[in-house]
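Visitor: I need the structure of the sequence given here:
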Amino acid sequence: MNLFIEHAPAQAGEVFVPTGTPRRPSAAEASAGPAAPGVPAAPAAPVAAADLEEPSPHGTGRIAPVRRSGYSLAQETYRKELDFDRARSRRKKRAGVARAVAAALLVPLLLLASFVFAYTLTCILQGATPEEVGQMLAALARRALALPGMLARG
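Guide: Residues are numbered from 1 along each chain as shown. Take a look at the predicted model:
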C-alpha cells in the first residue's frame, strides 16, 4: 500500500530532495527507474536557475523567486493547518497566563473572604447581635488597615 500521494512533478520524473533543492534525475537515474526503498539515489545536477526564477510581474527588473516544481496545493493546505496550529498555541499560552494571573489574584481574595466569613460566624455563634457584629468587623478593618504602619515602625 503506497501511503504517499504523488503530485504532477513527481509523476513527471522530478525528484524531491529533503534539503529543499529540487533536481531532475540524471540520465542514469532516469534509465534505471525508481530506486528501491531504503537505497539512496545517486546525486543529480541541480535544477537550473531559470526553472526556479522568473522576472517580477511588477516591472522592477528584479528576479522574484518562484518555484515551478509542484507541491503548491499540498503546501498551501499544510500552511493553513500550520497557521491554525500557531493560533491555537497562542490561545493556549494566553489562557495559561490568564489562569496564572487569576490564581495569583483570586487565591488571596478567597482566603480573605473565608477568614472574614469564619470571623463573622464565630461572632454570631457566640451570641453577638447584628450591631455588635458590625462593630467587630469595623474594628477588624481598622486593625487591618493600621497593620502596614505598625510593621513599618518595627
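
Visitor: can you map out the strands along the chain?
Guide: 53-55, 63-65 (DSSP state E).

Visitor: what is the rounded mean pLDDT of stretch 141-153?
Guide: Averaging pLDDT along stretch 141-153 yields 90.

Visitor: Tell me where the chain is predicted with low confidence.
Guide: 1-72, 154 (pLDDT under 70).

Visitor: Going by contacts, tell me the helices and strands next to the helix ranked longest in it.
Guide: For the chain, the helix with the greatest residue count under DSSP state H is helix 72-125. The helices and strands touching helix 72-125, judged by 3 or more C-beta pairs under 8 Å, 6 or more residues apart in numbering; DSSP states H and E, are helix 130-153. Every residue, glycine included, has its C-beta placed from N, CA and C.

Visitor: show me the contacts for residue 132.
Guide: When contacts are counted by C-beta atoms under 8 Å, 6 or more residues apart in numbering, residue 132 is found next to residue 123.

Visitor: That one and residue 139: what is the separation?
Guide: Distance, residue 132 to residue 139, using C-beta to C-beta, to the nearest Å: 10 Å.

Visitor: same question, residue 114
Guide: The gap separating residue 114 from residue 139 is 19 Å, by C-beta to C-beta.

Visitor: Kindly report the same for residue 91.
Guide: Applying C-beta to C-beta, the value for residue 91 to residue 139 is 47 Å.

Visitor: And for residue 113?
Guide: 18 Å.

Visitor: That concludes my questions; thank you for your assistance.
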